[in-house]
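Colleague: Everything below, folded, please.
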Amino acid sequence: MQQAVDEVREGSPSWRLMQPPEIPNAKYTWPVGLIVVGGLAITQGGGAIALGALLIAAGIVMAAAIRNQVEAAEAALAEWKKSHWCIGCSNIREPDWRPPTEAA
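Modeller: Predicted coordinates:
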């Protein structure tokens, strides 16, 4: 029975709208690498200090951007989890929503 329901859902036009938002797989490899290379460049002295500071700043900005992206996706997922779907009209309904005839 559940398989038949899933097949119908997959064929519906609003199937993609009903899926939960994906949370990106946050990997901080590049930002940490930039910070480490920037720190090594600063220890070299001379003109490499400016380059090292630039690399460290770029790594920090990149890590902050990744974190903001993850937080936005988590907020979208939380909003999705608390909403209800009207299958017939493809509208999101709040959990306490009632039809106008039942609201009173």
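
Colleague: Please count neighbours and contacts with C-alpha atoms only from this point.
Modeller: Will do.

Colleague: what number of residues lie near Leu51?
Modeller: Applying other CA atoms under 10 Å, we find 16 other residues in the vicinity of Leu51.

Colleague: That one: what's it in contact with?
Modeller: 38, 41-42 (CA atoms under 8 Å, 6 or more residues apart in numbering).

Colleague: In three-state terms, label it for me.
Modeller: helix (DSSP: H, G, I helix; E, B strand; the rest coil).

Colleague: Would you convert the contacts of Leu51 into CSV that also reports neighbour count?
Modeller: Output for the contacts of Leu51, formatted as CSV (neighbours: other CA atoms under 10 Å):
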residue, neighbour count
Gly38, 23
Ala41, 20
Ile42, 20
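
Colleague: What about these, which are in helices?
Modeller: 38, 41-42 (DSSP state H).

Colleague: how about the helix or strand containing Asn68: buried residues?
Modeller: Assigned by DSSP states H and E, Asn68 belongs to helix 48-82. For helix 48-82, the neighbour count (16 or more other CA atoms under 10 Å) marks 48-49, 51-60, 62-63, 66, 70, 73-74, 77, 80 as buried.

Colleague: Poorly predicted segments of this structure, please.
Modeller: Residue ranges of the chain with pLDDT under 70: 1-18, 83-104.

Colleague: Dump the contacts of Leu51 to JSON lines, plus distance to Ala26.
Modeller: As requested, those are exported to JSON lines (distance: CA to CA, whole Å):
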{"residue": "Gly38", "distance to Ala26": "21"}
{"residue": "Ala41", "distance to Ala26": "26"}
{"residue": "Ile42", "distance to Ala26": "27"}
